[in-house]
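In: Below: sequence and its predicted model.
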Amino acid sequence: MLPSLAEILKALYGLFLFSRLHPAAPTLFDRTVDGFWKSLFAAVLVLPPHILMTMRIVEEAPEHVPYGFGDAITDLLIYVIVWLAFPVLMIPVTKVIGRDERFLDYIVPYNWAMVPVGYLLGVVTTLGTFGFVTRDTEINLFVIAYAVVALFLAELARRQLQVGPFLAFGVVMLDITFNVVVINLLEVFAQQPGAPT
């Protein structure tokens, strides 16, 4: 069920073509059930920048609470759940908007798109972590990066779900809101007495 190196590179090239609005971009993705499970391997590829960003958040936490092995396991579990939860959410969403037949056409490129997205945010985090830019510049770079990501994901949703720009942007906002809510709920649950830490 793991993708080959050729399949990974093909998907990443497909994303490059998406960024250039190339009509052939969708053909570079395996938009099947098997292709969906392979696209989840993107979570493994994005793990390094995710860890870097997590460490930056821990470093800047005002509480200065030690970050232990249990915390790392909890964060990893949250990471996995969030990766699996959004595709589950999009199944009924695509049915509601009458695009359930386009689910795999959308979710497979979306999953692979998280690779360049993750590394873009990771680069900005690296610049701030090692003092290459000031904190204010880092924040501005994050704002720009998130704006670019939102526009790219909206275009991906528009093309792959074959919906209008407003509905495509709504899908992106749902994605962002859902991730924030799920992550916060899971973090609250993890801090409850008796929860794994």
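Out: Happy to help now that I have it.
In: Contact partners for the residue most central in space within the chain?
Out: The structure's the chain has its C-alpha centroid closest to Met114; by C-alpha atoms, centre = their mean the separation is 4.3 Å. Shown in contact with Met114 (C-beta atoms under 8 Å, 6 or more residues apart in numbering): Ala42, Ala43, Val46. Heads up, the C-betas are built off the backbone N, CA and C, glycines and all.
In: Now go through these and say which are in helices.
Out: Judged by DSSP state H, the subset of the contacts of Met114 located in helices is Ala42, Ala43, Val46.
In: Could I get the residues you listed in JSON lines, plus columns for pLDDT and distance to Asn179?
Out: As requested, these are exported to JSON lines (pLDDT from 0 to 100; distance: C-beta to C-beta, whole Å):
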{"residue": "Ala42", "pLDDT": "97", "distance to Asn179": "15"}
{"residue": "Ala43", "pLDDT": "97", "distance to Asn179": "13"}
{"residue": "Val46", "pLDDT": "97", "distance to Asn179": "13"}
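In: Any quick PyMOL command for the buried ones out of those?
Out: The following PyMOL line selects those of those that are buried, judged by 16 or more other C-beta atoms under 10 Å:
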select buried, resi 42+43+46
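In: Closest one of the ones in helices among the contacts of Met114 to Leu84?
Out: Ala43 (8.9 Å; C-beta to C-beta).
In: how far away is the closest one from Asn140?
Out: Taking C-beta to C-beta, to the nearest Å as the measure, Ala43 falls 28 Å from Asn140.
In: Tell me which stretches of the chain form helices.
Out: 5-19, 33-39, 42-60, 69-96, 103-129, 135-161, 165-190.
In: most neighbours per residue, which of those?
Out: helix 103-129 (a mean of 21; mean count of other C-beta atoms under 10 Å).
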